[in-house]
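# Here is a sequence together with a model predicted from it:
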Amino acid sequence: MDRETLALADRHFRGLGGGVPGVGQVPGRVAFVSEPGAFSYADFVRGFLLPNLPCVFSSAFTQGWGSRRRWVTPAGRPDFDHLLRTYGDVVVPVANCGVQEYNSNPKEHMPLRDYITYWKEYIEGGYSSPRGCLYLKDWHLCRDFPVEDVFTLPVYFSSDWLNEFWDALDVDDYRFVYAGPAGSWSPFHADIFRSFSWSVNVCGRKKWLLFPPGQEEALRDRHGNLPYDVTSPALCDTHLHPRSQLAGPPLEITQEAGEMVFVPSGWHHQVHNLDDTISINHNWVNGFNLANMWRFLQQELCAVQEEVIMRSCSGINFEEFYHFLKVIAEKRLLVLREAAAEDGAGLGFEQAAFDAGRITEVLASLVAHPSFQRVDTSAFSLRPKELLQQLREAVDAAVAP
């Protein structure tokens, strides 16, 4: 991030008055970014992160990925033989797309070789099987295997606090592989913690249906539930979905092989595989959507009332959220201090200053929250108010002339 972009981003967030960035006017089509050399990180910040809008990057951005060379046959189909040789014994999570379980699908676990055997039989059976349509989802390949030559993280998504935090703990991540036959799909949802996500088709095509934040409210049924499938004729039933006519049409994307989709924070979406498809997907949070994550966690607390229940629903409670902020904050403070000691901006200084500013705003709100004030922080290695003071001093120093 350069100084000009930092100034623009700071003005943007100050203009929100401490609120949460949402989405401005929704365009009629999703922007397509074709040339890597002509599109900078600052362009991505200005065009898509700040307005919280989706875009598609061309296959030129991923043409050097090892997965696109090794996981795919010359005909552009999944290379089952290579996948079997490399990962055949790995146990992977598999969802049954034909069975609804609340607003998702039930999962089972099986060795990848068993799933590929099923997949081949599914194709040979005319894309049909008595076992239903099974979809490999949420495989933590990056957590369990070296992936240096599988993909290269695009610079646009390199400020990734979720995976930075989990990598520091060395216990989990939010990097996934999805793989499934034509006809497999993911029901209507918004991503965990209202994170951003990016998704690259290693092979195959996907159809995306995207709805900007707030529009999903018009799709709720008379009981307040979100739809499982936004293509269902049931949404036309005004008795069951009394406000569905108020919802605009979704933004629709057909994602080709090699292309990369950026899904903004809080955008609900539904995704269908049009071909036999493999994709690599990351969820990520940073200073541009941290406030969205914080608002989501507060809404979860209001909905469930108890912190222990909150963790089981959202995967994190307020105490863990503080530790998430602390891990990222300490790294950004180190960058700012080292840059100051060198008497120069230093690589990453502007990004660290921006990050520290956004953490300061959300941490101040967390510290003031009545539920967090009930948390015993006496054993914390760094008390929340002390961290907040360090951040404020660092941010003031970073913006001083």
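Yes, it's here. Fair warning: this is a prediction, and the values are worked out from it, not measured in the lab.
# Over to the residue nearest to residue 64 when sequence neighbours are not counted: give its phi and psi.
Closest residue in space to residue 64, ignoring its immediate chain neighbours: residue 152 at 6.6 Å, by CB to CB, 6 or more residues apart in numbering. Where you see a C-beta, it was placed from the backbone N, CA and C, and this is true even at glycine. The phi/psi pair for residue 152 (degrees, to the nearest 10) reads phi -120, psi 120.
# so how many other residues sit close to residue 152?
13 (other CB atoms under 10 Å).
# Kindly report the same for the one 5 residues further on.
By other CB under 10 Å, 18 other residues sit near residue 157.
# Tell me who's in contact with it.
By CB atoms under 8 Å, 6 or more residues apart in numbering, the contact set of residue 157 is 196, 198, 262, 282, 284.
# Looking at the residues you listed, which is nearest residue 325?
Nearest to residue 325, judged by CB to CB, of the contacts of residue 157 is residue 284 at 15.4 Å.
# I'd like to know the beta-bridge partner residues of the closest one.
Note on residue 284: beta-bridge partners residue 196, judged by DSSP bridges.
# That one: neighbouring residues, count only.
The number of residues packed near residue 284 is 23, by other CB under 10 Å.
# which of the residues in the lengthiest helix in the chain are buried?
The single longest helix within the chain, with elements called by DSSP state H, is helix 318-341. If you call a residue buried by 16 or more other CB atoms under 10 Å, then helix 318-341 has these buried ones: 318-319, 321-322, 324-329, 331-333, 335-336, 339.
# Residue ranges in this structure under the pLDDT threshold?
Applying pLDDT under 70 to the chain picks out residues 17-25, 304-315, 340-347, 401.
# how is it carved up into domains?
Taking automatic domain parsing as the criterion, the chain consists of the domains 25-286, 291-399.
# Reformat those as TSV; add distance to residue 4.
TSV is the format used below for those (distance: least, CB to CB, whole Å):
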stretch	distance to residue 4
domain 25-286	7
domain 291-399	9
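# Compare the ones you listed and give me the one nearest residue 10.
Set against residue 10 and scored by CB to CB, these come closest in domain 291-399, at 6.6 Å.
# show me where this structure has helices.
Along the chain, the stretches classed as helices by DSSP H are 3-15, 41-44, 66-70, 80-87, 112-124, 141-144, 161-169, 290-304, 307-314, 318-341, 349-368, 370-373, 384-399.
# Relative to residue 12, which of the domains of the chain is closest?
Among these, domain 25-286 comes nearest to residue 12, with 5.3 Å by CB to CB.
# what residues are up against residue 272?
183-185, 206-207.
# go with 10 Å
97, 182-186, 205-209, 231, 254 (CB atoms under 10 Å, 6 or more residues apart in numbering).
# So for residue 90, what's the nearest residue that isn't a sequence neighbour?
Per CB to CB, 6+ apart, closest to residue 90 is residue 112, 5.0 Å.
# Let me see the contact set for that neighbour.
80, 83-84, 86-92, 94, 119, 136, 139, 179.
# re the thing from before, the longest helix of the chain versus helix 349-368: what angle between them?
150 degrees (axes from the mean of the first three to the mean of the last three CA atoms, to 10 degrees).
# what helices or strands is helix 318-341 leaning on?
On a contact count with 3 or more CB pairs under 10 Å, 6 or more residues apart in numbering; DSSP states H and E, helix 318-341 meets helix 161-169, helix 290-304, helix 307-314, helix 349-368, helix 370-373, helix 384-399.
# All set, thanks.
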